[in-house]
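Asks: Give me the fold of what follows.
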Amino acid sequence: GFDELDDLPELEPQHLCLDGTWSCRVDYYKSGNLVETTMCIEGAGGSYRIAGGSGPHRLFEIQAADSGASAKEVAFRWVNRTGQTGRGIWAVRAAGSILDGSWTQDGVLGGPWQWTGMKT
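Replies: As a prediction, the model looks like this:
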């Protein structure tokens, strides 16, 4: 698992940069089964593609969550190819190389569903 990376030094919030390619596991089908997903982030936007499936889908409004507690929580919005939308939040760990969070879909009951990632 990713837990062994918790001992890495943490970045100061102002140095937090999620830009790059991420190997993710996402409960994309809301079934509890995590599927491999490749995600690319650049600034406040990005895209993700489901392994063996659909994409690319778009990420936007990626920004430090306005929780007041920590800039290590990052909020995001998503829209898929069919126009469905939603939002999510990641806790950023291991000096910015691990994302551990979840997503929801606008207008749909249930969730949040898991979305985790490791920078590649």
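Asks: How many neighbouring residues does residue 56 have?
Replies: Using other CB atoms under 10 Å, the number of residues around residue 56 comes to 15. Placement of C-beta: from N, CA and C, glycine included.
Asks: ok, which stretches of the protein are strands?
Replies: Under the criterion DSSP state E, the chain contains strands at 20-26, 35-42, 45-50, 57-64, 73-79, 85-93, 98-105, 113-119.
Asks: TSV for these, including mean pLDDT?
Replies: Listed next are the strands of the chain as TSV, based on pLDDT from 0 to 100:
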stretch	mean pLDDT
strand 20-26	97
strand 35-42	96
strand 45-50	95
strand 57-64	93
strand 73-79	94
strand 85-93	94
strand 98-105	95
strand 113-119	96
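Asks: Would you format those as CSV with mean neighbour count included?
Replies: As requested, the strands of the chain are exported to CSV (neighbours: other CB atoms under 10 Å):
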stretch, mean neighbour count
strand 20-26, 17
strand 35-42, 18
strand 45-50, 18
strand 57-64, 16
strand 73-79, 19
strand 85-93, 18
strand 98-105, 19
strand 113-119, 20
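Asks: Residue 30 versus residue 109, what's the distance?
Replies: Distance from residue 109 to residue 30, counting by CB to CB, to the nearest Å: 11 Å.
Asks: ugh, typo on my part, it should be residue 86
Replies: Taking CB to CB, one finds residue 86 at 11 Å from residue 30.
Asks: And for residue 120?
Replies: To residue 30, residue 120 is 25 Å away according to CB to CB.
Asks: Have a look at these two and say which one is more surrounded.
Replies: Set residue 120 next to residue 30 and count neighbours by other CB under 10 Å: residue 30 wins out with 14 against 11.
Asks: Report the contact partners of that one.
Replies: Residues counted as contacts of residue 30 (CB atoms under 8 Å, 6 or more residues apart in numbering) are 110, 111, 113.
Asks: repeat for residue 104
Replies: Applying CB under 8 Å, 6+ apart to residue 104 gives the contacts 86, 87, 88, 111, 112, 113.
Asks: Tell me, how many residues neighbour the closest residue to the last one other than its chain neighbours?
Replies: Which is residue 113. Take residue 113 and drop its neighbours on the chain: the residue closest to it by CB to CB, 6 or more residues apart in numbering is residue 27, 3.9 Å away. By other CB under 10 Å, 18 other residues sit near residue 27.
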